[in-house]
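Participant: Dropping the sequence and predicted coords here.
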Amino acid sequence: MSKEVLDRLVEQFPDEIVHTHAEHGDETAVVRRDRLVELMRFLRDDDVTSFELLSDLTGVDYFGKKEPRFEVVYHLYSVTRNHRLRIKVEVDEDDPVVPSIMELWRSVYWMEREAWDLYGIRFEGHPDLRRVLLYEQFEGHPLRKDYDMEDRQPLIPPREGKRHL
Amino acid sequence: MTTESLLGNEATLTTVDAAEGFFRKLLNRNGGVQNAVNWGRKWSLFQYPFVTACCGMEYMATAGPRYDHARFGTELPRFSPRQADLLMVVGTITHKQAPILRNIYEQMADPKWVISFGVCASSGGFYRNYATVQGIDTIIPVDVYIPGCPPRPEAVIDALMMLQDKIQKERSPLLPVTNEKAP
């Protein structure tokens, strides 16, 4: 599996890795955000790792369970070597900023906008960080666990005698 | 014999005499001209399918040759709401789409009817969250609701027949209502 990939990453960036673990053959590295772009560029361009494809980028909210509260998760796949790696970046609630990796994989254009839309994590360096799924008038970030479940933000008022549930 | 079944059964007329007799009967019943107008309307519903979700597949199944809702006069889907008189809202409506749906409804010319196709359009279905409108009747009036996730084609045809019954019973203040015998 991709154990040697993980080893190579730790060897190259020993100070950037918070910890690593593997479950069911899925290797994961939790990294610091400061040199994220550099680290990702290494993973993409190095001959051993050669992750050409970023298959997914998502956010996670561990509200009340873990500090720091947010995580950004990157799923990498190497088409030439057929191995995968998961990179996680922990994000603090007071400073929810992660460097954008638009310059490495153009495919994160909508994914970073989606994470901003639903979790409120900002991506420094993204060319056009707007909401992508919700409408501009929407306030707040609905996938945050402290977003009120019954909160509705309709664009048009209900018909007479009706109400938005 | 009830008005509805009489008008339904004689929908296929073969001779001019039979047609003339049929329309004389229509005009002689309570409601007069209105009966004939309603009969024409209910067998020529031009629909505008507002398809947003998976219910669209079931809508296509109903429109296909096996179930064929063209048998009920809803032959042609129109691609402009201005040419349609039946709005079929097929699928989940989000708050982002709500203004669009209301615009479409308002662009349709009277007389117009609305069918809410599937539980998402009818009540929000299992989507009770920040994004989904909890039933399109909070935005536009609805004539017939079809339950199901998605509904069976039989349920859709049942709804079309219910709508036809409803149209046959309509009374417009603009048309003369007489009980006089036609000449």
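Facilitator: All right, it came through fine. Residues are numbered from 1 along each chain as shown, chains lettered A, B, ... in the order given.

Participant: So which residues on chain B come close to chain A?
Facilitator: B:95-96, B:98-99, B:102, B:124, B:128-131, B:133-135, B:137-141 (C-beta under 8 Å from any C-beta of the partner chain). For the C-beta atoms, the positions are set from N, CA and C on the backbone; glycine is no exception.

Participant: switch to 10 Å and redo it
Facilitator: Contact residues (C-beta under 10 Å from any C-beta of the partner chain) of chain B with chain A: B:94-103, B:123-124, B:128-141.

Participant: Quick one, which of those residues are buried?
Facilitator: Among the residues of chain B next to chain A, the ones that count as buried by 16 or more other C-beta atoms under 10 Å in any protein chain shown are B:94-98, B:101-102, B:123-124, B:130-140.

Participant: Which ones among the residues you listed map onto strands?
Facilitator: Using DSSP state E, no member of these falls within strands.

Participant: Averaged pLDDT, stretch B:86-104. What do you get?
Facilitator: For stretch B:86-104, the per-residue pLDDT values average out at 94.

Participant: Take it and give me the span from its first residue to its final residue.
Facilitator: Start and end residues of stretch B:86-104 are separated by 11 Å (C-alpha to C-alpha, to the nearest Å).

Participant: mind checking how far the strand or helix carrying B:M88 is from the chain centre?
Facilitator: Using DSSP states H and E, B:M88 maps to strand B:86-90. Centroid displacement of strand B:86-90 relative to its chain, using C-alpha atoms, centre = their mean, to the nearest Å, is 8 Å.

Participant: For chain B, what's the nearest residue on chain A?
Facilitator: Across chain A, the shortest distance to chain B (C-beta to the nearest C-beta) belongs to A:L165, at 4.0 Å.

Participant: tell me the contacts of the most centrally placed residue in chain A?
Facilitator: Nearest to the geometric centre of chain A sits A:V72, at 3.0 Å (C-alpha atoms, centre = their mean). Residues near A:V72 by C-beta atoms under 10 Å, 6 or more residues apart in numbering or on different chains: A:33, A:36, A:57-60, A:87-91, A:96, A:98, A:111-112, A:115, A:119, A:121, A:123.

Participant: Kindly recompute the last result at 6 Å.
Facilitator: A:G59, A:V89, A:V98 (C-beta atoms under 6 Å, 6 or more residues apart in numbering or on different chains).

Participant: Also A:G59?
Facilitator: A:V72, A:A115, A:Y119, A:I121 are the contacts of A:G59 under C-beta under 6 Å, 6+ apart.

Participant: For the helix ranked longest in chain A, list every residue counted as buried.
Facilitator: The residue-count maximum for a helix in chain A (DSSP state H) belongs to helix A:108-119. Buried positions in helix A:108-119, judged by neighbour count with 16+ other C-beta under 10 Å: A:V108, A:Y109, A:M111, A:E112, A:R113, A:E114, A:A115, A:W116, A:D117, A:L118, A:Y119.

Participant: Pull the most distant pair out of those.
Facilitator: Using C-beta to C-beta, the buried residues of helix A:108-119 span at most 16.6 Å, a distance reached by A:Y109 and A:Y119.

Participant: For chain A, list the residues in contact with chain B, please.
Facilitator: A:Y135, A:P142, A:P154, A:L155, A:I156, A:P158, A:K162, A:H164, A:L165 (C-beta under 6 Å from any C-beta of the partner chain).

Participant: Name the member of those residues with the most neighbours.
Facilitator: A:P142 (20 neighbours; other C-beta atoms under 10 Å in any protein chain shown).
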